[in-house]
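*Asks:* test case, fold it:
(2 chains)
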Number of protein chains: 2
Amino acid sequence: MNSPQDAAMTPALRDLATTLSADLPARAIVTDAEAIAPWLVDWRRRYQGHADLLIEPEDTAQVQSVVRAAAAHRVPLVPQGGNSSMVGGATPPADGSAAILSLRRMKRMRRLDPDAGLAVAEAGVILAELHEAALSVGRRFPLTLGARGSATVGGLVSTNAGGTQVLRFGTMRGLVAGVEAVLPDGSLHDGLSPLKKDNRGYDLNQLLIGAEGTLGIVTAAALRLVPAIAARAVAWVALASPDDALALLRRFQAASDAIESFELLPRESLAAVLAYLPDARAPVAAEAPWHVLVEVTAADAGADPAGIVERVLAATLADGLITDATIAASEAQADAFWRMREAISDAERATGPAAQHDISVPVDTMPRFMVDAAAACEARFPGTRASGFGHLGDGNVHFHVRAPKGTAPAHWYGEEVPVVSAFVHDLVVAAGGSISAEHGIGQMKIAELARLSSPARMGALHAIKQALDPNWLFNPGKLIAR
Amino acid sequence: MNSPQDAAMTPALRDLATTLSADLPARAIVTDAEAIAPWLVDWRRRYQGHADLLIEPEDTAQVQSVVRAAAAHRVPLVPQGGNSSMVGGATPPADGSAAILSLRRMKRMRRLDPDAGLAVAEAGVILAELHEAALSVGRRFPLTLGARGSATVGGLVSTNAGGTQVLRFGTMRGLVAGVEAVLPDGSLHDGLSPLKKDNRGYDLNQLLIGAEGTLGIVTAAALRLVPAIAARAVAWVALASPDDALALLRRFQAASDAIESFELLPRESLAAVLAYLPDARAPVAAEAPWHVLVEVTAADAGADPAGIVERVLAATLADGLITDATIAASEAQADAFWRMREAISDAERATGPAAQHDISVPVDTMPRFMVDAAAACEARFPGTRASGFGHLGDGNVHFHVRAPKGTAPAHWYGEEVPVVSAFVHDLVVAAGGSISAEHGIGQMKIAELARLSSPARMGALHAIKQALDPNWLFNPGKLIAR
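*Replies:* Numbers count the residues shown, from 1 in each chain, chains lettered A, B, ... in the order given. Alright, predicted model coming up:
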């Protein structure tokens, strides 16, 4: 480490660094400004924080030491994994009062058991590494997302991460069999034992999942592995409306319980992708206002997911529920379909500024919501174009409102987006939905959460935070304000 | 109602009854001792409580009125559904200080939607009624248990109930899509909207599931429905050891993801059942130390669960993993197999007094635990016979230690059982297990939970309870002591 007497540090941070130097190896205490700099801004570059101390413990006992020392010196701690939060959830406050507690050095795979279908991974294991480890023993960790090359197990657990493969096996909440975490008093919650039935009072594991590091520092998790995919069928479908897409989803679900993905996109999103990806071609010939990407898998090599997809598509073509469809003829074509889906965000960004919303409503009300909310936005904000795309099967779409042609980005983001987003969020709440389906609250949505939640909900969140972290030292300024 | 001036009542209860008479219909305020008496003792008749006031609200707003008035008069409330707790979780304290808050009159099925796979049931709906309602629309609510004719939705949610059909779809925690509950300050937590993705901070629904009514009064729940069963195959298998049973389970799980049940029992349990049920016959000819009952189902009439079972059993007979097996040739025979499984508790009770334990350990360590713990108990308590039976696939068995021949029941239950149970619980904790797999803590295990939990865990439970129910009025004396 550098000298803990660095002039920039607050006295509390200096004292913390000095205390920690007795318990932690020198490499775990980072005070070099250049080494810290990359971790001070979120990856979307919307929140710039400051910290003069970055702590990188290497095992759970060291995390306990850090938490105890920080409590003694009243230093706030900002836990950080891959720093890929979409809502500024891992960025330190700008006033330099906090230390960053990075879990990136805790990378042990403590257990990998294909028979039990379990992995116990430390917080710093990266999602792509977990995928590889599971495949190496013939299993699969089914959750995936764009940031899989940087997102860590600790962050995935703490944000209850989702993604494009949630339909069948659920979000992290459904895949976590156990949690190890250091609580704000430095005590260790050892909830790693993967018990399928355990009724010993309040479920602390569930409370820590999605708590965004405000109640505990997740140091390891027991994770469920599922059978590896032996065969899959990927199809692209053209149809007339989100209502028809939901009806199609119900047909698929009646035919199979192995529907992995069911992604909906409007014509505009497809057009943006075709303009953005140089080699992309429209998967179906028909012009259609809405499109669906569906994937069905099988763990058994003898099963026939393509047969299931063919039967459902033939029947729905025959009765007019869909207008056109094609099944990927090869893995290469299946990957090409998926690349188009995954390019939507970048492709739409290339078309101009937009207000983006990660929202959910009950699955069966999503078709109506998408149509009505788009119309309401375009009426309220003339010149805008609104549409949603994404995980229809999860009741979760990314709802974008694009700026009128020629709007200056600075004006749009500075003046218009807050008004547009409040309008969209009001619609979501009226529909019984969530203003954060998968990205969490972080800094970005903390005011909107407080504005739109019932007093019962905010009172309970505040009481729980106050009870478990009475000095509000864990991830300050995220999720709930003091 | 009777006069709220009944002499027996405490002044606080009298004041509460008077206040409530303004908001609730007279029939909802019960002070007649004879009407209250059946609800003062748990169904195992181990805990005798006392209450001079039984309140039976008919909708959620009335529950809020009750909670607010009870808070104003500082009257503890004991929520009660079917009163079928195995751990005295719904029995009022003996000092008569509390009122019983019965949810039994809240019986509306607010929604029943086969397409969305959802039911929204009020707290007083009985499990058997829920089963029938789901079947009436071609769906199934998969969780079931012995008390299905009396257990209510509110109690099932509040205790995170389990049962014999947990292997595939999980406990209540996996089947609850939303919770409505009245919090201790009288505010309403409306978490009914069935969102598949929702990351708005701490998951209050998950916190309320399994909280045994100590944090909130569950008034309704959104529940997942699954496809009705089109075909099932039920088999009885004889084998040499719990280790072999686990290996067999893994073979089944590799062959199908529709294993509904996998129940393990030792020779002694089968012998007790054969002696107890007049018409029962041993399902397989072979003498074997261990037996398994397995059920595989299919939602699709074209699927072939019997074929899956036949293939797995043929292969495992061929390689010697199992010693004998038979597949039920008819629904009647399948039911007969299940009747034998379900009679074990009663059959063993008929053989003499025992100390019973509802425990779990990680699935893959259960075979070793069953063998080692039985040997340890029999060595430590000479003359006893110990064995476990139950849900191997969930890592949850009912572990019974039978008294030495001739032991007087009063002596056994009064003197020996606490010592035996503490010994068993110590073994469970050493194995990373839970002293309450599915029955909860209630009154019965409150001291053992405190003795065997880490300070981190007890501190967090206490802090959460104190934060949400600062006057400790919700279900006093259950789960955690003040």
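*Asks:* please list the residues of the stretch 51-200 of chain A that sit near chain B.
*Replies:* Contacts of the stretch 51-200 of chain A with chain B, taken as C-beta under 8 Å from any C-beta of the partner chain, map to A:113, A:115-116, A:159-160, A:162, A:166, A:170-171, A:173, A:183, A:185, A:187-190, A:193-200. For every residue, glycine as well, the C-beta is placed using N, CA and C.
*Asks:* please redo it, this time with the cut-off set to 7 Å
*Replies:* Proximity of the stretch 51-200 of chain A to chain B (C-beta under 7 Å from any C-beta of the partner chain) is limited to residues A:115-116, A:159-160, A:162, A:166, A:171, A:183, A:187-190, A:193-200.
*Asks:* can you pull the contacts of A:Leu16?
*Replies:* Going by C-beta atoms under 7 Å, 6 or more residues apart in numbering or on different chains, A:Leu16 touches A:53, A:69-70, A:73, A:75, A:99.
*Asks:* just the buried ones out of the residues of the stretch 51-200 of chain A next to chain B, please.
*Replies:* Buried members of these, counted by 16 or more other C-beta atoms under 10 Å in any protein chain shown: A:116, A:159-160, A:162, A:166, A:171, A:183, A:187-190, A:193-200.
*Asks:* among those, which lie within helices?
*Replies:* Applying DSSP state H to these, the entries found in helices are A:Val166.
*Asks:* the helices in the stretch 301-450 of chain A, which residues?
*Replies:* A:305-318, A:331-342, A:344-350, A:366-380, A:409-411, A:417-430, A:446-452 (DSSP state H, counting those that start in this stretch).
*Asks:* select, out of those, the one closest to chain B.
*Replies:* Among these, the nearest to chain B by C-beta to the nearest C-beta is helix A:446-452 (6.0 Å).
*Asks:* what comes up buried for the closest one?
*Replies:* If you call a residue buried by 16+ other C-beta under 10 Å, then helix A:446-452 has these buried ones: A:446, A:448-449, A:452.
*Asks:* returning to that earlier point: dump the contacts of A:Leu16 to TSV, plus neighbour count and secondary structure.
*Replies:* As requested, the contacts of A:Leu16 are exported to TSV (neighbours: other C-beta atoms under 10 Å in any protein chain shown; DSSP: H, G, I helix; E, B strand; the rest coil):
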residue	neighbour count	secondary structure
A:Leu53	30	coil
A:Ala69	22	helix
A:Ala70	27	helix
A:His73	20	helix
A:Val75	25	coil
A:Ala99	31	strand
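*Asks:* and of those, the nearest to B:Gln253?
*Replies:* A:Ala70 (44.3 Å; C-beta to C-beta).
*Asks:* the residue nearest to the closest one when sequence neighbours are not counted bridge partners, please.
*Replies:* Residue nearest to A:Ala70 in three dimensions, not counting chain neighbours: A:Leu77, with 5.2 Å by C-beta to C-beta, 6 or more residues apart in numbering or on different chains. Under DSSP bridges, the beta-bridge partners of A:Leu77 are A:Ala99, A:Phe474.
*Asks:* looking at it, A:Leu77 is touching A:Leu473, isn't it?
*Replies:* Yes. With contact defined as C-beta atoms under 7 Å, A:Leu77 counts as touching A:Leu473 (6.0 Å).
*Asks:* shared neighbours, those two?
*Replies:* Contact criterion C-beta under 7 Å, 6+ apart; residues shared by A:Leu77 and A:Leu473: A:Ala70.
*Asks:* low-confidence stretches in chain A?
*Replies:* Across chain A, the ranges flagged by pLDDT under 70 are A:1-7.
*Asks:* how near is the residue nearest to A:Ala70 to chain B?
*Replies:* From A:Leu77 over to chain B the distance is 17 Å, taken as C-beta to the nearest C-beta, to the nearest Å.
*Asks:* and the buried residues of helix A:446-452 near chain B, which?
*Replies:* A:Leu449.
*Asks:* of A:Leu77 and A:Leu473, which one has the most company?
*Replies:* Higher neighbour count among A:Leu77 and A:Leu473: A:Leu77, with 26 against 19, using other C-beta atoms under 10 Å in any protein chain shown.
*Asks:* quick one: residues contacting that one.
*Replies:* A:67, A:70, A:98-99, A:101, A:473-474.
*Asks:* who in the stretch 351-482 of chain A is up against chain B?
*Replies:* Residues of the stretch 351-482 of chain A lying close to chain B by C-beta under 7 Å from any C-beta are A:360, A:362-364, A:394-396, A:432-441, A:449, A:454-457, A:459-461, A:463-464, A:466-468, A:479-480.
*Asks:* emit the ChimeraX select command for whichever of these are buried.
*Replies:* To isolate the buried members of those in ChimeraX, using 16+ other C-beta under 10 Å:
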select /A:360,362,363,364,394,395,396,432,433,434,435,436,437,438,439,440,441,449,456,457,459,460,461,463,464,467,468,479,480
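*Asks:* next step: the residues of the stretch 351-482 of chain A next to chain B restricted to strands.
*Replies:* Those of those mapping onto strands are A:360, A:396, per DSSP state E.
*Asks:* next one: stretch A:231-245 to chain centre, how far?
*Replies:* Centroid displacement of stretch A:231-245 relative to its chain, using C-alpha atoms, centre = their mean, to the nearest Å, is 24 Å.
*Asks:* now the end-to-end length of that stretch.
*Replies:* Here the two ends of stretch A:231-245 are set 24 Å apart, with distance taken as C-alpha to C-alpha, to the nearest Å.
*Asks:* that one and chain B, any residue contact?
*Replies:* No. Between stretch A:231-245 and chain B, judged by C-beta under 7 Å from any C-beta, nothing touches; the nearest distance is 12.2 Å.
*Asks:* and the strands in the stretch 51-200 of chain A?
*Replies:* With DSSP state E, counting those that start in this stretch as the criterion, the stretch 51-200 of chain A has strands at A:54-55, A:77-80, A:99-102, A:109-113, A:118-122, A:139-140, A:176-182, A:188-191.
*Asks:* picking that back up, any chance of the contacts of A:Leu77 in JSON lines, plus distance to A:Pro409?
*Replies:* What follows is the contacts of A:Leu77, written out as JSON lines (distance: C-beta to C-beta, whole Å):
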{"residue": "A:Val67", "distance to A:Pro409": "41"}
{"residue": "A:Ala70", "distance to A:Pro409": "39"}
{"residue": "A:Ala98", "distance to A:Pro409": "31"}
{"residue": "A:Ala99", "distance to A:Pro409": "34"}
{"residue": "A:Leu101", "distance to A:Pro409": "35"}
{"residue": "A:Leu473", "distance to A:Pro409": "37"}
{"residue": "A:Phe474", "distance to A:Pro409": "35"}
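*Asks:* for the helices of the stretch 301-450 of chain A, give me CSV that also has distance to B:Gly124.
*Replies:* As requested, those are exported to CSV (distance: least, C-beta to C-beta, whole Å):
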stretch, distance to B:Gly124
helix A:305-318, 40
helix A:331-342, 45
helix A:344-350, 47
helix A:366-380, 31
helix A:409-411, 56
helix A:417-430, 29
helix A:446-452, 31
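*Asks:* leaving out chain neighbours, which residue sits closest to A:Leu167?
*Replies:* Leaving aside its sequence neighbours, A:Leu167 sits nearest to A:Gly393 (C-beta to C-beta, 6+ apart; 4.2 Å).
*Asks:* next, the contact list for the one you found, please.
*Replies:* By C-beta under 7 Å, 6+ apart, A:Gly393 lies in contact with A:167, A:249, A:259, A:262, A:363.
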